[in-house]
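Asker: Sequence below, structure please.
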Amino acid sequence: MIYKNHQNGHRPAGSALTLVIKIGTTSICDEKTHFPLLSNLSGIVEAVLKLKAQGHRVVLVTSAAVGTGLRRLNMPNRPEKMAALQAVAAVGQGRLIRLYDDLFGQFGQPVAQVLLTKNDLAERSQYLNAVACLEEILDMGVVPIVNENDTICPSEIRFGDNDTLSAVTAGMLKADYLFLLTDVDCLYTDNPRTNPDAKPVSICHDIQVLREQVSVASRGSALGTGGMMTKLIAADLATAAGVRTVIARGSKPENITQIIEADARGVLVPESKIPAVVQSAPAAAPLHTLFTAKDNPLYDRKWWIQYGLHTAGRVYIDQGAVKALLSNKQRSSLFAAGIMDVEGHFNAQQAVEIVAWNDDTEKRVIGKGLVNYSSHEIERIKRCKSSEIPTILGYMDAECVIHRENLVRIVEPEEPK
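Answerer: I've put the predicted structure just below:
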């Protein structure tokens, strides 16, 4: 099944949508006192209930477990030690979900807590089970409240921040929109707090081009782990799955409905497909930044391989293999003969990056895929023909190292000549 994709047009008016809304720490907790911002949270709850009353399915991805824990423990700052940080998150997570349950409970709306790590999605069966669980929760009319399982999650299998987690969640559910609510109205060409000449970016069709036009070097708040850079990463990930992504102000969650309605009328996206449009948003909608979905979103399995799986290592390939993999006509698997070198230690069925290697100075990642052999086995069979594998290893699990159905091309394929 292909992800839903409205491409660069607008959705049909009145249609039911699946919405993922990510709420940043600064929209939930005061940065200095760590007290909950009840007015903001109440506004978010009311906005979600209004969206549900319109027939939409809504998922919340929430931060602030650490901030809530700091308040409960009367700690002034985030601890630096990982175990201490996880302990604070453990204290805060229960109180955070209780806060949501109390607020939604005032309106009789049930909620469900869903804690995820990358490890939960590494196995295909676990990934599909997580998707089925979220779908079932939504079908029951419940609002899933998703957070990373900070208490037990080691650094190597963390999503890194909840912007990325929200994009993964949106991709899993084939959502129509991902809203990244933050402490500014939209993406600016520079930090508007320090540069009065910073201009708002209202729409973006090409995130790679946008990166060259804006400055997103500043990090998030003292409590949060993200910043505008993580939101660009999340937008890149979500739009690859066919999800329209919006950056908007977290203290004005009512803007979500206005933005969706304006998009339904077709007034947000200009006819000319300029990669990034630096201008004020149309008068019909509040200030925001809209990232349009990719025209050709990835299939579910390939999106899972590229974004849902931890990258365990690298294989370096020669120019003949590069040409075969990037050819639309051939759509080839990756064979041992085209592999020049291996980096990292990994097992069969783990995900690795595929790197084109011209010389010592020019290396570029062109894809990612699930390997049929371990790093030790690939080291032994690299540069060899498939017919030689049984002689070298004493067995042959597969003719190719990465089958084309388990291979995702990250760079654009070459046009046939």
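Asker: just for the stretch 1-150 of the chain, where's the confidence low?
Answerer: Residue ranges of the stretch 1-150 of the chain with pLDDT under 70: 1-14, 150.
Asker: switch to 50 and redo it
Answerer: Along the stretch 1-150 of the chain, the model assigns pLDDT under 50 to residues 1-10.
Asker: which residues in it form helices?
Answerer: With DSSP state H, counting those that start in this stretch, the ranges of helices along the stretch 1-150 of the chain come out as 38-53, 65-73, 82-105, 118-122, 124-139.
Asker: Next, the angle helix 82-105 makes with the first one.
Answerer: Okay, so that is helix 38-53. With axes from the mean of the first three to the mean of the last three CA atoms, to 10 degrees defining the directions, helix 38-53 sits at 60 degrees from helix 82-105.
Asker: Okay, and the residue nearest to the spatial centre of the chain sits in which element?
Answerer: Centrality entry for the chain: nearest residue to the mean C-alpha point is Ala167, 2.9 Å, by CA atoms, centre = their mean. Using DSSP states H and E, Ala167 sits in helix 162-172.
Asker: What are the contacting residues of that helix?
Answerer: If you take CB atoms under 8 Å, 6 or more residues apart in numbering as the criterion, helix 162-172 is touched by 3, 20-22, 24, 59, 61-63, 116, 121, 127, 130-131, 134, 146-148, 159, 175, 177-178, 180, 225-226, 230-231, 233-235, 237-238, 240-241, 243, 245, 303, 307-308. Heads up, the C-betas are built off the backbone N, CA and C, glycines and all.
Asker: which residues are contacting the following helix or strand past it?
Answerer: Under the assignment DSSP H and E, the closest C-terminal helix or strand after helix 162-172 is strand 177-182. Applying CB under 8 Å, 6+ apart, the contact partners of strand 177-182 are 17-24, 26-27, 44, 163, 166-167, 170, 228, 231, 234-235, 238, 243-250, 253, 256, 260.
Asker: Go again with 6 Å.
Answerer: Here strand 177-182 makes contact (CB atoms under 6 Å, 6 or more residues apart in numbering) with 19-24, 27, 170, 231, 238, 243-248, 250, 256.
Asker: And the closest residue to Pro286 other than its chain neighbours, its phi and psi?
Answerer: Spatial nearest neighbour of Pro286, chain neighbours left out: Asn255 (4.2 Å); criterion: CB to CB, 6 or more residues apart in numbering. Phi and psi for Asn255, reported as degrees, to the nearest 10, are phi -60, psi -20.
Asker: what number of residues lie near Asn255?
Answerer: 21 (other CB atoms under 10 Å).
Asker: Number the residues from 45 up from this point.
Answerer: Let's use 45 as the start, then, which means that last one is Asn299.
Asker: got the domain boundaries for the protein?
Answerer: 62-335, 355-453 (the TED database).
Asker: Could you export those as CSV, including distance to Leu342?
Answerer: Formatted as CSV, the domains of the chain follow (distance: least, CB to CB, whole Å):
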stretch, distance to Leu342
domain 62-335, 6
domain 355-453, 7
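Asker: Buried deepest among these, which one?
Answerer: Among the domains of the chain, domain 62-335 has the highest mean neighbour count (mean count of other CB atoms under 10 Å), at a mean of 19.
Asker: What's the separation between Tyr232 and Asp207?
Answerer: Distance, Tyr232 to Asp207, using CB to CB, to the nearest Å: 17 Å.
Asker: and what of Val253?
Answerer: Taken as CB to CB, the span from Val253 to Asp207 is 20 Å.
Asker: what do you get for Val415?
Answerer: For Val415 relative to Asp207 (CB to CB), the value is 29 Å.
Asker: for Arg375, same thing?
Answerer: 33 Å.
Asker: and what of Pro188?
Answerer: From Pro188 to Asp207 the distance is 17 Å (CB to CB).
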